[in-house]
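**Q** sequence plus the predicted model coming up.
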Amino acid sequence: MTTDTPEAVLKRLADLLETRLPSRGGDPSTSYVAKLFSKGPEAALKKIGEEATELVMAAKDGQADRIVAEMADLWFHCLVVLTENGLRPELVTAELARREGLSGLTEKASRTEK
Ligand SMILES: N=c1c2ncn([C@@H]3O[C@H](COP(=O)(O)OP(=O)(O)OP(=O)(O)O)[C@@H](O)[C@H]3O)c2ncn1[C@@H]1O[C@H](COP(=O)(O)O)[C@@H](O)[C@H]1O
């Protein structure tokens, strides 16, 4: 298992995904990610739907190794979508950090009060 922090892994992968963008010369003939980008934004969104469904099935079966593998596929394709939109995983971890200590129930109540 890697000793990197999860954030370091996500940042490194995001850096790599950016090099696969058409604007950075990503080559669909040698790169899965460049090929996905070349198909347009719908392609990665479709993969997210597929991977989410596979994760649900793995979790229902309670198989730890499949849950981890399917979650990795899902996170990976979510990173692809972030990259396509010019966004970074640091924005997502910052948003999660911002929510720390704020109960989902409290947050929901504040929304319905508005
Ligand atoms: N982490 C991943 C990663 N996880 C999953 N995948 C690919 O995502 C796809 C998952 O789709 P499926 O399980 O549905 O398999 P499939 O039927 O072959 O997929 P499709 O052809 O239907 O899309 C597979 O092709 C996996 O190989 C990934 N491909 C790449 N990466 C990372 O992205 C980097 C850049 O990849 P390339 O752009 O290919 O060099 C790599 O070095 C890795 O770090």
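**A** Nice, I can see it.

**Q** pull the helix or strand of the chain with the lowest mean pLDDT out as CSV, backbone CA atoms only.
**A** Least confident element among the helices and strands of the chain, by mean pLDDT, DSSP states H and E: helix 104-113 (a mean of 81). Extracted C-alpha coordinates of helix 104-113, given in CSV (Å, rounded to 0.1, in the frame of the first residue of the first chain):
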residue,chain,number,x,y,z
GLY,A,104,-25.8,17.1,7.1
LEU,A,105,-29.0,17.5,9.1
THR,A,106,-28.1,21.0,10.2
GLU,A,107,-27.1,21.9,6.6
LYS,A,108,-30.3,20.6,5.2
ALA,A,109,-32.4,22.5,7.8
SER,A,110,-30.6,25.7,6.9
ARG,A,111,-31.5,25.2,3.2
THR,A,112,-35.2,24.6,3.9
GLU,A,113,-35.4,27.7,6.1
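
**Q** what's it in contact with?
**A** Under the contact criterion Cβ atoms under 8 Å, 6 or more residues apart in numbering, helix 104-113 has outside partners residue 99. (Each C-beta comes from the backbone N, C-alpha and C, glycine too.)

**Q** in that helix, what's buried?
**A** Neighbour-count burial for helix 104-113 flags no residue at all (criterion: 16 or more other Cβ atoms under 10 Å).

**Q** can you check stretch 87-99 too?
**A** For stretch 87-99, the neighbour count (16+ other Cβ under 10 Å) marks 88, 89 as buried.
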